[in-house]
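A.B. asks: Structure for the following, please:
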Amino acid sequence: MKWITHQATAVAAALALHLPVAGVAAACAGAVLPDVLDQRMAGLAPTKRGRQKLFNAIHRGTTHWFGWWLVLCAAAFALPGPELGPMGRDVLLGLGFGGLSHVILDMLTPSGVPLTPFSRSNKVSLKLCSTGSLGEYCFLVCVVGLVWWFYGADLLKVTRQLAHMKIL
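C.D. replies: Predicted coordinates for the structure are as follows:
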């Protein structure tokens with residue numbers, strides 16, 4: 001799935017769960033975090049060709065295992081509130097939820113996601129649509145349409161709050 005699909009879906013789900021603004025913003029960031037982590041790890045290779053080769057070797061590996069993201073979501077509820085700060089729980093939950101939504105969406109593609117954290121051989125794939133395909137873009141249009149239909153006013157409120165916080 002493309003990043004825009006990951007982010008739109010994570011924001012839609014965060015709004016549906018009534019996460020506060022910090023949680024929605026964190027879900028948007030968490031929605032691309034598995035790919036960003038893969039890119040950062042691949043960036044350690046000394047050459048451009050080596051970086052691409054390393055990225056191809058690690059992409060949709062351990063960072064795309066759902067367990068890490070479930071642990072992050074659980075940590076948001078398990079850790080004591082004062083240590084996390086005023087928005088810490090919302091941010092932690094949003095990041096975990098965004099990462100989990102990324103993994104679920106990638107599970108819809110033929111490449112799938114790993115069933116275990118350090119194995120690339122056992123993958124689960126529903127093979128519903130390929131990345132960048134018409135099916136993905138139809139899915140994205142439906143998500144955006146549903147978000148606007150159900151949460152248009154909330155989305156405008158969140159956008160105003162983010163702008164007020166100088167994030168946008």
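A.B. asks: How many neighbouring residues does L126 have?
C.D. replies: Per other C-beta atoms under 10 Å, the neighbour tally for L126 reads 11. Bear in mind the C-beta positions are built from the backbone N, C-alpha and C, glycine included.
A.B. asks: what's the pLDDT at it?
C.D. replies: Reported pLDDT at L126 in the predicted model: 93.
A.B. asks: wait, isn't it in contact with M107?
C.D. replies: Yes. The pair L126 and M107 qualifies as a contact (C-beta atoms under 8 Å) at a distance of 5.9 Å.
A.B. asks: so what sits against both of the two?
C.D. replies: Where contact means C-beta atoms under 8 Å, 6 or more residues apart in numbering, no residue is in contact with each of L126 and M107.
A.B. asks: Pull the contacting residues for the residue lying closest to P110 once chain neighbours are set aside.
C.D. replies: The spatially closest residue to P110, leaving aside those adjacent along the chain, is K127, at 5.0 Å (C-beta to C-beta, 6 or more residues apart in numbering). Contacts here follow C-beta under 8 Å, 6+ apart; on that basis K127 touches 108-110, 112.
A.B. asks: What helices and strands are in contact with the top helix by length along the chain?
C.D. replies: With secondary structure taken from DSSP state H, the chain has its longest helix at helix 134-164. Helices and strands in packing contact with helix 134-164 are listed as helix 3-16, helix 21-30; criterion 3 or more C-beta pairs under 8 Å, 6 or more residues apart in numbering; DSSP states H and E.
A.B. asks: So what touches stretch 133-145?
C.D. replies: Residues beyond stretch 133-145 that count as contacts (C-beta under 8 Å, 6+ apart) turn out to be 1-2, 4-5, 8-9, 12, 128-130.
A.B. asks: Of the contacts of K127, which belong to helices?
C.D. replies: Per DSSP H, the contacts of K127 never map to helices.
A.B. asks: quick one, phi/psi of S119?
C.D. replies: phi -130, psi 140 (degrees, to the nearest 10).
A.B. asks: pLDDT score for it?
C.D. replies: pLDDT recorded at S119 is 81.
A.B. asks: Could you do L168 as well?
C.D. replies: For L168, the model assigns a pLDDT of 52.
A.B. asks: separation between W148 and L156?
C.D. replies: Taking C-beta to C-beta, to the nearest Å as the measure, W148 falls 10 Å from L156.
A.B. asks: Output the below-cut-off pLDDT ranges for this protein.
C.D. replies: Applying pLDDT under 70 to the chain flags residues 166-168.
A.B. asks: Try it again at 80.
C.D. replies: Filtered on pLDDT under 80, the chain yields the residue ranges 80-86, 120-121, 154-155, 158-159, 162, 165-168.
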